[in-house]
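Visitor: A predicted structure for the sequence below; I have some questions about it.
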Amino acid sequence: MFWLTWLLHFAPFVIAQTPPLTLRDFEEADRSILRLPPSAFPELPKNLRQDLERRSCTIPQVWLNQKPHNVIKGQFVRAGQVDWTVLCSVDRASTILVYRNGSALNPLAIVRERDIDKLQGVGNNEIGYSRELAPATRAFILSHDHERAAPQIYHDGINDAFVGKASVVRYFHKGKWIALAGAD
């Protein structure tokens, strides 16, 4: 009974202290996303940095990750070939660019999404950007394939995560990108 009385008395005060987030808050957060220049990634080959700069790309950063990220390398198109993948933001929309075999010629551009659509409330009435790329190994892909829908896995995939929510694995198969189950 005590807790019910306390809740009825103090809940309106507590709720009044944290107004709900508005569309305007999200629009402001979208303009405030930390987006790093390609030069912030010294591990990226020079030819790829130059191509990203030519495209006016910046690399958006997840609110809680202090180390520069969203630039990854792996065997994303075929086994034995090292590819670089970058989340390229231009005009507040991000596209996954896959540079095959480290070549700046004709990168594969997949999954363009508005950056505002990858924002979420992160507590204390704050909003954080939450799209993060990571390599998805064969073991990761198979461990999340509960439906047994994945084809034979010969190389890495790209784990395209909405941090704290879920992810989709982008996997190159028979000349096209397919979406596989990621983490929940």
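Guide: Structure's in. What do you need?
Visitor: quick check: bridge partners of the closest residue to W63 other than its chain neighbours?
Guide: Closest residue to W63 apart from its sequence neighbours, by C-beta to C-beta, 6 or more residues apart in numbering: G128 at 2.8 Å. Where C-beta positions appear, they are placed from N, C-alpha and C, glycine not excepted. G128 has the following beta-bridge partners by DSSP bridges: Q120.
Visitor: show the pLDDT at G175.
Guide: In this model, G175 is scored at 94, pLDDT.
Visitor: so what touches stretch 98-110?
Guide: With C-beta atoms under 8 Å, 6 or more residues apart in numbering as the contact definition, stretch 98-110 has outside contacts at 45, 47-48, 50-51, 76-77, 81-86, 95-97, 158, 170, 172, 177.
Visitor: what's the average pLDDT for it?
Guide: The average pLDDT within stretch 98-110 is 97.
Visitor: can you give me the end-to-end distance of it?
Guide: In stretch 98-110, first residue to last residue: 8 Å (C-alpha to C-alpha, to the nearest Å).
Visitor: now swap in stretch 36-51 and tell me
Guide: 15 Å.
Visitor: tell me which residues in that stretch are buried?
Guide: Residues of stretch 36-51 classed as buried by neighbour count (16 or more other C-beta atoms under 10 Å): L36, P38, F41, L44, L48, R49, D51.
Visitor: also stretch 56-63?
Guide: Quick answer for stretch 56-63 (16+ other C-beta under 10 Å): C57, T58, I59, P60, Q61, V62, W63.
Visitor: how far is stretch 137-155 from where the chain is centred?
Guide: Relative to its chain's centre, stretch 137-155 lies at 20 Å (C-alpha atoms, centre = their mean, to the nearest Å).
Visitor: between the buried residues of stretch 36-51, which is closest to P151?
Guide: Nearest to P151 among the buried residues of stretch 36-51 is L48, at 28.4 Å by C-beta to C-beta.
Visitor: so the closest one: helix, strand or coil?
Guide: What DSSP: H, G, I helix; E, B strand; the rest coil gives for L48 is helix.
Visitor: any idea how far stretch 70-84 is from the chain center?
Guide: Counting by C-alpha atoms, centre = their mean, stretch 70-84 is centred 16 Å from the centre of its parent chain.
Visitor: fine, thanks again, bye for now.
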